[in-house]
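> Predicted model, plus sequence, below.
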Amino acid sequence: YNMGDWEEIPEILKLSAADIAVWLLTMVLTVATDLTFAVEVGMVLAALMFIRKVSRTTTVSPVTKDYVEDSRVHVLQGKDIPDYAIVYRIHGPFLFGATDKFADILHSLDKLPPIVILRLRNMTAIDATGLGAIRDLADTVHESGRSLLLCGAREQPSQLMKQAEFERHVGAENICGSIAEALERAAEVYHSQCAATGNSR
């Protein structure tokens with residue numbers, strides 16, 4: 001009972017059925033058997049889920065004109081990043097074991113501009129642990145007085161974020177479809193902040 005992060009349960013229940021099943025089984029084994037065995041089983045199941053999620057993000061498809069046009073709004077080339085914003089990108093699957101990658105952002109948080117953009121275009125998959133890491137990052141960024149914008153999430157990450165009601169942590173208006181939209185939103189947020197503080201530049 002004392003080891004349970006009970007405040008996390010409502011968040012876990014918003015995830016996929018597979019994530020919930022792994023959590024329930026691990027919890028039951030912890031009570032019915034012992035912690036070591038429960039953790040071992042949980043890790044094996046998490047590894048199998050990792051393989052499944054990564055394999056499902058692999059696709060083979062032709063390059064069409066629509067794909068080329070859609071890529072134009074996502075590419076950073078030719079887009080100016082203003083001084084009041086910084087863009088970080090996640091490349092590859094963001095699953096358990098990769099969540100310490102935010103350490104550099106958190107250590108340099110005091111030196112960052114007022115708007116942080118997290119580009120998810122190249123993030124192929126995410127799980128509950130990865131989602132929790134982004135949620136914690138969002139909360140920390142907001143506590144520092146800064147704004148966090150997300151952009152370009154692919155199908156699987158986008159679906160999991162909606163299922164977990166992730167917009168509560170950043171605001172639905174701050175989840176953008178592309179880097180172009182995110183830069184436009186960053187300008188709106190920055191000008192609003194300037195107007196609120198009476199500064200402009």
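Nice, I can see it.

> Walking through this structure, point out its strands one by one.
With strands called from DSSP state E, the chain shows them at 85-89, 115-119, 147-151, 175-176.

> contacts for the last one?
What it means is strand 175-176. Counting by Cβ atoms under 8 Å, 6 or more residues apart in numbering, strand 175-176 makes contact with Leu149, Leu150, Cys151, Gly152, Ala153, Met161, Phe166, Glu167, Ala182, Arg185, all of which sit outside it. Where you see a C-beta, it was placed from the backbone N, CA and C, and this is true even at glycine.

> picking that back up, how about a markdown table for the strands of the chain, with mean pLDDT added?
Formatted as a markdown table, the strands of the chain follow (pLDDT from 0 to 100):
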| stretch | mean pLDDT |
| --- | --- |
| strand 85-89 | 93 |
| strand 115-119 | 94 |
| strand 147-151 | 95 |
| strand 175-176 | 94 |
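
> Which one of these lies nearest to Ile105?
Minimum separation from Ile105 across the strands of the chain (Cβ to Cβ) falls at strand 85-89, 6.3 Å.

> Now that closest one: buried residues?
Using 16 or more other Cβ atoms under 10 Å as the test for burial, strand 85-89 gives Ala85, Ile86, Val87, Tyr88.

> same thing with stretch 115-131?
115-121, 123-128, 130-131.

> For it, measure first residue to last.
20 Å (Cα to Cα, to the nearest Å).

> Sounds good, over and out.
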